[in-house]
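Trainee: Next input, structure requested:
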Amino acid sequence: MTDRRHFLKTGLAGTAALMAGCVPAAEDPGQDKLERSEPTSAGGAAGPIILSTWDHGMAANAGAWGALESGGSVLDAVERGVMVTESDFTNRSVGLGGTPDRDGRTTLDACIQDHDGRCGAVACLERIEHPVSVARAIMERTPHVLLVGEGAHRWALENGFTEKVVDIPEVRAAYAEWLKKSDYKPVVNRENHDTIGMIAMDADGRLAGSCTTSGLAYKIHGRVGDSPIIGAGLFVDGEAGAACSTGTGELVIRTVGTHTVVELMRQGRDPEDACKEAVRRILKFLKSPLDHQVGFLALRTDGAYGAWSIQPGFTYALRTKDGEKLMQAGAELPSGS
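Mentor: Numbering: from 1, shown residues only. Model prediction:
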């Protein structure tokens, strides 16, 4: 598994060089050693299979796999898997360790969906360690899908969740430095600007998915991206497949990205090709593609999987009975474009 701190360091340096037009996007030599996903139209793997976005998906997949091995459902697996990332307070893109908004407040978004389309979501939630668990509770205990802000926080406390305050000096110092200029701009392929999405299938072919994030660093307070939006950051349909997304959420929302991917698989597209088409629909209206990254990850009901992104550098984690590996997604734009 690629060392996460090395990934962050090289990602920051490489992004700056990419914007200057100096080097290819996949500047980290370690990334070249990753296995590239191949088109999977010929079929897929038997379940269980777990897929999640980015390098931190490796640890999340291990948590999900443990849930399945202990007799949990596939819904339990996708919840527990991303809970691992939510509790990693060194992660600046997910959970209470995430980078705050421009008001200095860390707000969390998450959603979860099962094989039968039941779903729950929470947005702009503060001081709760596991927003994905709040999302599941909303799905199972209320007639609603999405709760937000103070109302979501109050409901969570009334339903057994407890507050947790995490004070990280590194985050406070970075925020104080940012305030000097208050310059906001997403950084391509930087892990602290990305979510974790997870999609999985159990041995019986049942699907589920989850998605959780602290959102874009230094966003306007109240901003909600694609991660808690069913059909944008995550979509699961037991008859067709599942998909999740990562990157600039506004672009995914505009195209209802994961719903698009799943519907294309329903029409017969293989997972990678479906992800490609979703990326290309974004590029039709995107004036500055080098300023953004979006990646889609898809799983079909026969176990076939695939991924695609705007730019090189999007990795995803795979776990099956044959083992675990970190994969390199294909990209619409070539390296150095």
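
Trainee: Sort out which residues of stretch 88-95 are buried, please.
Mentor: Using 16 or more other CB atoms under 10 Å as the test for burial, stretch 88-95 gives Asp88, Asn91, Arg92, Ser93, Val94, Gly95. The way it works is simple: take the backbone N, C-alpha and C, and place the C-beta from them, glycine included.

Trainee: Show me the shaky parts of the chain.
Mentor: 1-44, 184-193, 336-337 (pLDDT under 70).

Trainee: need the helices for it, in chain order.
Mentor: 4-19, 57-69, 74-86, 131-141, 149-158, 169-179, 249-255, 257-266, 271-283 (DSSP state H).

Trainee: For those helices, give me TSV that also has distance to Gly303 and mean neighbour count.
Mentor: Rendered in TSV, the data for the helices of the chain read as follows (distance: least, CB to CB, whole Å; neighbours: other CB atoms under 10 Å):
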stretch	distance to Gly303	mean neighbour count
helix 4-19	28	16
helix 57-69	15	22
helix 74-86	13	26
helix 131-141	24	23
helix 149-158	35	16
helix 169-179	39	13
helix 249-255	25	21
helix 257-266	12	24
helix 271-283	10	23
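
Trainee: List just the one of those helices that sits closest to Ala200.
Mentor: Proximity to Ala200 (CB to CB) singles out helix 74-86 among the helices of the chain, at 5.3 Å.

Trainee: tilt between that closest one and helix 57-69?
Mentor: Helix 74-86 runs at 140 degrees relative to helix 57-69, counting by axes from the mean of the first three to the mean of the last three CA atoms, to 10 degrees.

Trainee: Against which helices or strands is helix 74-86 packed?
Mentor: Using 3 or more CB pairs under 8 Å, 6 or more residues apart in numbering; DSSP states H and E, the elements in contact with helix 74-86 are strand 49-53, helix 57-69, strand 108-114, helix 131-141, strand 196-201, strand 207-213.

Trainee: can you do 6 Å?
Mentor: Contact here means 3 or more CB pairs under 6 Å, 6 or more residues apart in numbering; DSSP states H and E; on that basis helix 74-86 packs against helix 57-69, helix 131-141, strand 196-201, strand 207-213.

Trainee: In a markdown table: these, plus distance to Pro334.
Mentor: Formatted as a markdown table, the helices and strands packed on helix 74-86 follow (distance: least, CB to CB, whole Å):
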| stretch | distance to Pro334 |
| --- | --- |
| helix 57-69 | 25 |
| helix 131-141 | 35 |
| strand 196-201 | 25 |
| strand 207-213 | 28 |
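
Trainee: dump the residue contacts of the residue nearest to Trp308 when sequence neighbours are not counted.
Mentor: In space, and not counting its chain neighbours, Trp308 is closest to Cys275: 3.7 Å by CB to CB, 6 or more residues apart in numbering. Neighbouring residues of Cys275 by CB atoms under 6 Å, 6 or more residues apart in numbering: Val261, Phe296, Ala298, Gly306, Ala307, Trp308.

Trainee: got it, and Thr320?
Mentor: With contact taken as CB under 6 Å, 6+ apart, Thr320 is in contact with Ala45, Ile49.

Trainee: any idea how far it is from Ala46?
Mentor: In this view, Thr320 and Ala46 are 8 Å apart by CB to CB, to the nearest Å.

Trainee: Tell me how far Gly306 lies from Asp273.
Mentor: Using CB to CB, we find Gly306 at a distance of 7 Å from Asp273.

Trainee: would you turn the buried residues of stretch 88-95 into CSV with distance to Leu125?
Mentor: Formatted as CSV, the buried residues of stretch 88-95 follow (distance: CB to CB, whole Å):
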residue, distance to Leu125
Asp88, 18
Asn91, 17
Arg92, 17
Ser93, 16
Val94, 13
Gly95, 11
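
Trainee: so Leu251 touches Phe296, yeah?
Mentor: No: with contact defined as CB atoms under 6 Å, Leu251 does not reach Phe296; the gap is 11.1 Å.

Trainee: re earlier: any chance of the helices of the chain in a markdown table, plus distance to Gly205?
Mentor: Below are the helices of the chain laid out as a markdown table (distance: least, CB to CB, whole Å):
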| stretch | distance to Gly205 |
| --- | --- |
| helix 4-19 | 33 |
| helix 57-69 | 13 |
| helix 74-86 | 9 |
| helix 131-141 | 21 |
| helix 149-158 | 33 |
| helix 169-179 | 42 |
| helix 249-255 | 27 |
| helix 257-266 | 15 |
| helix 271-283 | 15 |
